[in-house]
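**Student:** give me the fold of what follows.
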Amino acid sequence: MADKSIKQPENVPGKYYVDQTCVPCSDCIKEAPNLLQYNDDESHIFFKNQPTNQTEEKQAKAAMAMCPVDAIGDDGE
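**Tutor:** Purely as a prediction, here's the structure:
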């Protein structure tokens, strides 16, 4: 389960976030390419955008469900 106390600093404010347990496998980016991206040195992934419609909400949930280390959370602020 993702931990909002250790969010990646690049996450945009909002409900969804990636925490610091991320291992950049890129699977989540395949699910939500408009929402997620690598940081500059590709050591982790973060939410560059929050979902703004139903399709993007489904993509964020799909990315969260398939994260192998449960680094994506949906209780952000």
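
**Student:** and the closest residue in space to Ile29 that isn't next to it in sequence, what are its bridge partners?
**Tutor:** Take Ile29 and drop its neighbours on the chain: the residue closest to it by C-beta to C-beta, 6 or more residues apart in numbering is Leu36, 5.0 Å away. For glycine as for every other residue, the C-beta is placed from the backbone atoms N, C-alpha and C. Beta-bridge partners for Leu36, by DSSP bridges, are Phe47.

**Student:** can you tell me which residues contact Leu36?
**Tutor:** 18, 28-29, 45-48, 63 (C-beta atoms under 8 Å, 6 or more residues apart in numbering).

**Student:** again, 6 Å this time
**Tutor:** Contacts for Leu36 (C-beta atoms under 6 Å, 6 or more residues apart in numbering) come out as 28-29, 45.

**Student:** could you dump these to TSV with neighbour count?
**Tutor:** Formatted as TSV, the contacts of Leu36 follow (neighbours: other C-beta atoms under 10 Å):
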residue	neighbour count
Cys28	26
Ile29	16
Ile45	27
